[in-house]
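Engineer: okay, sequence plus prediction incoming.
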Amino acid sequence: MSNSTNPQNQTLDLQPSHSGYQTQQWESMARAWLSTLPEDKTVAPNEVETWLQSNQTSIPDEVRSMPRSQLYERLNSIQNSIAPSTEEKPANQVDPSQARFQRTDQWMPVYAWLESLDSDEVIKSKDILDWLSENPEVKESLYSKHSRYHLMHYIKKCHVKILKRKERKKGLQVTNKENSPKVNKSGGTKPPVPLPFDSLSNLPKDSDVYLAKRSEALQKFEILVELEKHLSAAFPKQHENALCLKDS
């Protein structure tokens, strides 16, 4: 009996393992891409096609030839499975829940770097490439899962989100500072200057400041209405004369 191994059988034995590795690799790529999308956004067919074309050398043929309805369903399933990591992170790293697409450890150095930038302008491609050159391990990790074009796009998109969040925080701090009581030279506290009513129109309607001011205005109005009712009941004649003068 011969103990030789048939090369063809070896090839067949390796195929399932290789296929499983390819599946894991493309799902990791898809997960990294889907993590860049807003949390409540459903991936659109044209976005899927663009992603496939940009990564066609890295995505297995069986995935690219998969029926589109089946592929969309698979991608939606991957997107729904994405959740913030609860693992303990070093103190110098940022909690990934602050930006939805910071879900994998390979992105954390990039996010921490962008957070440290003191600039109001979106990062330029040259600055990104310079930083990646200074951090070869991060560069190798990211380049293994992303094309250069998409890598630039992801990092810039991340920086835009960071700038918007910093701008919102800065606006809230300025508003709180203006509303805080001021201490005069004599040691007394000056009452806060009331904001004009139409200043609410300059605030975002979903901001905490707008909602607080609106609630305060409604409470004052209800107090005035209730006070008028009590005065009308206590001094009906005077109230009637006041209405006549108002109508004349």
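Structural biologist: Structure received.

Engineer: identify each buried residue in the biggest helix by length in the chain, please.
Structural biologist: As assigned by DSSP state H, the longest helix anywhere in the chain is helix 148-179. Buried positions in helix 148-179, judged by neighbour count with 16 or more other Cβ atoms under 10 Å: H150, L151, M152, Y154, I155, C158, H159, K161, I162, L163, T175. For glycine as for every other residue, the C-beta is placed from the backbone atoms N, C-alpha and C.

Engineer: show the average pLDDT along that helix.
Structural biologist: Averaging pLDDT along helix 148-179 yields 77.

Engineer: ramachandran angles for I123?
Structural biologist: Taking degrees, to the nearest 10, you get phi -60, psi 140 for the backbone angles of I123.

Engineer: just give the nearest non-adjacent residue to it, would you?
Structural biologist: Closest residue to I123 apart from its sequence neighbours, by Cβ to Cβ, 6 or more residues apart in numbering: H159 at 4.7 Å.

Engineer: and the one you found, what does it touch?
Structural biologist: By Cβ atoms under 8 Å, 6 or more residues apart in numbering, the contact list for H159 reads L114, L117, V122, I123.

Engineer: let's see it at 6 Å
Structural biologist: Taking Cβ atoms under 6 Å, 6 or more residues apart in numbering, we find H159 in contact with L114, V122, I123.

Engineer: quick one: it and K124, what's the gap?
Structural biologist: According to Cβ to Cβ, to the nearest Å, H159 and K124 sit 10 Å apart.

Engineer: swap in R148?
Structural biologist: R148 sits at a distance of 15 Å from K124 (criterion: Cβ to Cβ).

Engineer: thinking again about what came up before, now the buried residues of helix 148-179 as TSV including distance to K220?
Structural biologist: Formatted as TSV, these follow (distance: Cβ to Cβ, whole Å):
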residue	distance to K220
H150	53
L151	54
M152	52
Y154	48
I155	48
C158	43
H159	43
K161	38
I162	39
L163	37
T175	20
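
Engineer: now the contacts of H159: which count as buried?
Structural biologist: Buried among the contacts of H159 by 16+ other Cβ under 10 Å: L114, I123.

Engineer: so K139 belongs to a helix, correct?
Structural biologist: Yes - K139 forms part of a helix when assessed by DSSP: H, G, I helix; E, B strand; the rest coil.

Engineer: can you point out the buried residues in the helix or strand harbouring E226?
Structural biologist: Using DSSP states H and E, E226 maps to helix 208-234. Buried residues in helix 208-234, counting neighbours by 16+ other Cβ under 10 Å, are found at V209, Y210, K213.

Engineer: quick one: pLDDT of N135?
Structural biologist: What the model reports as pLDDT for N135 is 90.

Engineer: what's around the nearest residue to it once chain neighbours are set aside, how many residues?
Structural biologist: The shortest distance from N135 to any non-neighbouring residue, by Cβ to Cβ, 6+ apart, is to P109 (6.6 Å). By other Cβ atoms under 10 Å, 17 other residues sit near P109.

Engineer: on contacts alone, who are the packing partners of the helix or strand containing P109?
Structural biologist: Per DSSP H and E: P109 is located in helix 108-116. Where contact means 3 or more Cβ pairs under 6 Å, 6 or more residues apart in numbering; DSSP states H and E, helix 108-116 is packed against helix 148-179.
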